[in-house]
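Engineer: With the sequence up front, the predicted model follows.
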2 protein chains.
Amino acid sequence: MHRGARATLQDVAREAGVSIKTVSRVVNHERSVSPAMVERVVEVISRLGYQPNELARSLRGNRTRTVGLMIADVSNPFFAECCKAIDEVARSHGYSVILCASAEDAESEREYIGLLTRRRVDGLLLAPAAGGQSHRELDLVAGPAVVAFDRPFEGAETDAVLVTNRDGAREAAEHLVGHRHRRIAFLGDDGRIYTARERLEGYREAMESSGLEAIHRLGTGSIAAAEKATDELLEMQDPPTAFLAGNGLITAGVLRTLDRAGLRVPGDVAVVGFDDFDLMSALSPRLTAVRQPTRELGRRAAELLFDRLEGRDSSPPRHLVLPTELVVRGSCGCDVR
Amino acid sequence: MHRGARATLQDVAREAGVSIKTVSRVVNHERSVSPAMVERVVEVISRLGYQPNELARSLRGNRTRTVGLMIADVSNPFFAECCKAIDEVARSHGYSVILCASAEDAESEREYIGLLTRRRVDGLLLAPAAGGQSHRELDLVAGPAVVAFDRPFEGAETDAVLVTNRDGAREAAEHLVGHRHRRIAFLGDDGRIYTARERLEGYREAMESSGLEAIHRLGTGSIAAAEKATDELLEMQDPPTAFLAGNGLITAGVLRTLDRAGLRVPGDVAVVGFDDFDLMSALSPRLTAVRQPTRELGRRAAELLFDRLEGRDSSPPRHLVLPTELVVRGSCGCDVR
DNA sequence: TTGTACGCGTTATCAA
DNA sequence: TTGATAACGCGTACAA
């Protein structure tokens, strides 16, 4: 395992006694090379362990076959799923993915966008961080092609792939209303995040049309924060009998708190979540949740990007909205088995 | 959002009426530039929106400040956690991460290693795919610095960061023995995977020293496969009364199957898992599990790599083994609250 | 079919 | 303090 000192076209050419261009032809499988020559060059290539320098190619060809992928945090299963789907599509197009985790911080996002620009990624897939719109229009002039997913890209017109956050939340809330709950609480992520606002709005619509009081907390986007908020809600004079959790982490926080408080789900309190993960579906309470088409979200975003990159699509930026689905299991109070 | 046509050192130099090298000096904050000159150049740089081309720098400087990260699958929370930790360390050292998902396939791994080599990554962090050792010695000659994690790198001597798989599994099995179980089953991942073999071995040691029959199934590394295997085990004449699951996905499969079979955990059957995720800890049964120091694993692997890359460590390759810990909750039959 | 020469955008050497 | 020029490794245009 010795670092550096890799063979170059030069080395191969010298060793094979041919010109550098001939080697280049062989490497790129160009037609006009005699079989004998191919054989001779190939032998030297494998003997020297020559590997083309993709940096030089990129510099020359003005494209890197690399895309940037910016998310808040890979360890969030939602983003991990997106990540996986995007990676698969990128690979199938011969692209590599540079992963960036903004931690939901606009300043980090900005730095990463700069980094990716300097690395000359051909495209950028991102779930824009909360509150970052101010810098975006500046930073992406003459930059890579951009497709936003999960959230729209505020600050410039780009393609975006979203889901029906509002409808999903409304439907979930209405489902709880259908179970005769009158004190239904909504816990959501940071209000600067698009999805959190949309889901809150859907919840509100449902409460309003049912004539119920909206009881909500935003900024509870971690397990710990959700636990704290749930605790507070439980201490109300007239505490909620049902909880709508704005994402997977919040769901975990709510459930953990209810468990600690000795409340049974759905016996004492009903719970509906947003996001539905394989791992959780194995455990009880069996969670009723708004399922996002996560894989699809990543896949479509990536495909949109490559349609742009490969010139198959040059229409104006557009938004694609994928449907969510309420998956009914036991935690809402329904008796399904 | 216009692609291509980015400003270069040339452009800035021309616009500022100075030489290209002077601009380069300013960009790189070299000392020997007069303040007046700096001011003049900086103005042009920001006016033209100049961003250094990292490709050209890398080509010239013979290092890319990029590392490859190869795992089986990001959507596995274990790898996602590793990924996150590695990413954090890499960022703090000014490196970017190129993510590769081998899907546990040796041939894909081989291709990705080639890809990363051609992209001239400075280093490679990987959880080697099952059964890939045959190609590795060949592919990494004169390649990047390598650190393996989760599993050793078979086929060449490299640094590796591992955990005490065998001890962890043995301890878990012994715990179940302590609960008076005599029919204890082990479900593990593909036997070609190092961790699966080690955990099986630990389980076997415990069974042997307790004089119990070893009941095990390998190759159950997905939720579906684990469900099938669990079903089969339950149909034995003398079915297991306790299950030791070899990883997080297997745990999910086992629990789901037991639930479907109407068996209560830990009332009817005891379960101990390997891997402990935040999300799962919110649900019931509260899982007793062998906790891996996942974040630490990723962090240490990355730190080892950068110690090598930055010349702080040139000792022979070494293996670092981190301790696992049995986290006792309810699913094993212990009464903890 | 094969080879020569130039340029991609940098940094490094050396001279001015 | 500043600038001209040569690499870095490759692909393209054009010639032979």
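Structural biologist: Everything's here; your move.
Engineer: Excluding chain neighbours, what is closest to whichever residue of the stretch 101-250 of chain A sits closest to DNA strand D?
Structural biologist: DNA strand D sits closest to A:Arg120 of the stretch 101-250 of chain A, with a gap of 13.2 Å, by Cβ to the nearest atom of the strand. No exception for glycine: its C-beta is placed from N, CA and C like everyone else's. Spatial nearest neighbour of A:Arg120, excluding adjacent residues (Cβ to Cβ, 6 or more residues apart in numbering or on different chains): A:Thr64 at 5.2 Å.
Engineer: Likewise for A:Glu154?
Structural biologist: Among residues not flanking A:Glu154 along the chain, A:Gln133 sits closest, at 3.7 Å (Cβ to Cβ, 6+ apart).
Engineer: Any figure for the gap between that neighbour and A:Phe149?
Structural biologist: Distance of A:Gln133 to A:Phe149, computed by Cβ to Cβ, to the nearest Å: 16 Å.
Engineer: higher neighbour count, the two?
Structural biologist: With neighbours defined as other Cβ atoms under 10 Å in any protein chain shown, A:Gln133 and A:Phe149 compare such that A:Phe149 has more, 31 against 16.
Engineer: A:Val121: what's it in contact with?
Structural biologist: Counting by Cβ atoms under 8 Å, 6 or more residues apart in numbering or on different chains, A:Val121 makes contact with A:Thr64, A:Thr66, A:Val67, A:Gly68, A:Ile98, A:Pro144.
Engineer: So which of those wins on neighbours?
Structural biologist: Within these, most neighbours by other Cβ under 10 Å means A:Val67, with 27 neighbours.
Engineer: ok so, going back, specify which member of the contacts of A:Val121 is nearest to DNA strand C.
Structural biologist: The nearest one, if we look at the contacts of A:Val121 relative to DNA strand C and count by Cβ to the nearest atom of the strand, is A:Thr64, at 12.0 Å.
Engineer: I'd say the closest one and A:Arg119 touch.
Structural biologist: Yes - A:Thr64 lies in contact with A:Arg119 (Cβ atoms under 8 Å); the separation is 7.1 Å.
Engineer: Identify the contacts common to those two.
Structural biologist: Here A:Thr64 and A:Arg119 have B:Leu55 as joint contacts, going by Cβ under 8 Å, 6+ apart.
Engineer: Can you get me a residue count around A:Arg295?
Structural biologist: Other residues lying near A:Arg295 total 15 when counted by other Cβ under 10 Å.
Engineer: Can you give me every residue that contacts it?
Structural biologist: With contact taken as Cβ under 8 Å, 6+ apart, A:Arg295 is in contact with A:Glu81, A:Cys82, A:Lys84, A:Ala85.
Engineer: and the stretch 151-300 of chain A, which residues reach DNA strand C?
Structural biologist: Taking Cβ under 7 Å from any atom of the strand as the test, the list of the stretch 151-300 of chain A residues beside DNA strand C is empty.
Engineer: Strands along the stretch 151-300 of chain A, start to end?
Structural biologist: Listed in chain order, the strands of the stretch 151-300 of chain A (DSSP state E, counting those that start in this stretch) span A:159-163, A:184-187, A:215-217, A:242-245, A:270-274, A:288-291.
Engineer: Could you take the ones you listed and lay them out as CSV, with extra columns for distance to chain B, mean pLDDT and mean neighbour count?
Structural biologist: As requested, these are exported to CSV (distance: least, Cβ to the nearest Cβ, whole Å; pLDDT from 0 to 100; neighbours: other Cβ atoms under 10 Å in any protein chain shown):
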stretch, distance to chain B, mean pLDDT, mean neighbour count
strand A:159-163, 10, 97, 24
strand A:184-187, 14, 98, 28
strand A:215-217, 18, 98, 20
strand A:242-245, 11, 98, 29
strand A:270-274, 11, 97, 27
strand A:288-291, 13, 97, 25
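Engineer: so can I have CSV of the ones you listed showing distance to DNA strand D?
Structural biologist: As requested, these are exported to CSV (distance: least, Cβ to the nearest atom of the strand, whole Å):
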stretch, distance to DNA strand D
strand A:159-163, 28
strand A:184-187, 54
strand A:215-217, 55
strand A:242-245, 51
strand A:270-274, 47
strand A:288-291, 45
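Engineer: could the ones you listed be laid out in CSV, adding distance to A:Leu200?
Structural biologist: As requested, the strands of the stretch 151-300 of chain A are exported to CSV (distance: least, Cβ to Cβ, whole Å):
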stretch, distance to A:Leu200
strand A:159-163, 15
strand A:184-187, 6
strand A:215-217, 6
strand A:242-245, 10
strand A:270-274, 11
strand A:288-291, 13
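Engineer: any idea how far the spatially closest residue to A:Ile215 that is not a sequence neighbour lies from B:Asp307?
Structural biologist: Using Cβ to Cβ, 6+ apart and skipping residues adjacent in sequence, the residue nearest A:Ile215 is A:Ala185, 4.4 Å away. Counting by Cβ to Cβ, the gap from A:Ala185 to B:Asp307 is 49 Å.
Engineer: Check A:Val290 too.
Structural biologist: Using Cβ to Cβ, we find A:Val290 at a distance of 46 Å from B:Asp307.
Engineer: my guess is A:Ser19 meets A:Leu9, correct?
Structural biologist: No - counting by Cβ under 8 Å, A:Ser19 stays clear of A:Leu9, with 9.6 Å between them.
Engineer: Neighbour count: the two, which is higher?
Structural biologist: A:Leu9 (20 against 12).
Engineer: Would you confirm that the more buried one contacts A:Ile20?
Structural biologist: Yes - counting by Cβ under 8 Å, A:Leu9 does reach A:Ile20; the two are 4.9 Å apart.
Engineer: List the buried residues in stretch A:89-106.
Structural biologist: For stretch A:89-106, burial by neighbour count (16 or more other Cβ atoms under 10 Å in any protein chain shown) applies to A:89-91, A:95-102, A:104-106.
Engineer: Equivalent analysis for stretch A:226-234, please.
Structural biologist: Those would be A:Ala226, A:Glu227, A:Ala229, A:Thr230, A:Leu233, A:Leu234, for stretch A:226-234 by 16+ other Cβ under 10 Å.
Engineer: and if you look at stretch A:22-39?
Structural biologist: By neighbour count on 16+ other Cβ under 10 Å, the buried set for stretch A:22-39 is A:Thr22, A:Val23, A:Arg25, A:Val26, A:Val27, A:Val33, A:Met37.
Engineer: What of stretch A:140-150?
Structural biologist: Using 16+ other Cβ under 10 Å as the test for burial, stretch A:140-150 gives A:Leu140, A:Gly143, A:Pro144, A:Ala145, A:Val146, A:Val147, A:Ala148, A:Phe149, A:Asp150.
Engineer: Is that stretch in proximity to DNA strand C?
Structural biologist: No - if you take Cβ under 7 Å from any atom of the strand as the test, stretch A:140-150 misses DNA strand C, and the best it gets is 11.3 Å.
Engineer: could you dump that stretch to CSV, C-alpha only?
Structural biologist: In CSV, the C-alpha atoms belonging to stretch A:140-150 read as follows (Å, rounded to 0.1, in the frame of the first residue of the first chain):
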residue,chain,number,x,y,z
LEU,A,140,-25.4,29.8,-7.2
VAL,A,141,-24.8,32.2,-10.1
ALA,A,142,-23.2,30.2,-12.9
GLY,A,143,-23.2,27.2,-10.5
PRO,A,144,-24.4,23.7,-10.8
ALA,A,145,-27.8,22.5,-11.8
VAL,A,146,-30.1,22.4,-8.7
VAL,A,147,-33.0,20.3,-7.7
ALA,A,148,-34.5,20.7,-4.3
PHE,A,149,-36.4,17.9,-2.5
ASP,A,150,-38.5,17.6,0.6
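Engineer: Could you pick out the residues of the stretch 151-300 of chain A near chain B for me?
Structural biologist: The stretch 151-300 of chain A comes close to chain B at residues A:156-158, A:223, A:248-249, A:251-253, A:255-256, A:259, A:277-285, as judged by Cβ under 8 Å from any Cβ of the partner chain.
Engineer: Mind doing that once more with 10 Å?
Structural biologist: Within the stretch 151-300 of chain A, the positions near chain B by Cβ under 10 Å from any Cβ of the partner chain are A:156-158, A:222-223, A:226-227, A:248-249, A:251-260, A:265, A:277-287, A:294-295.
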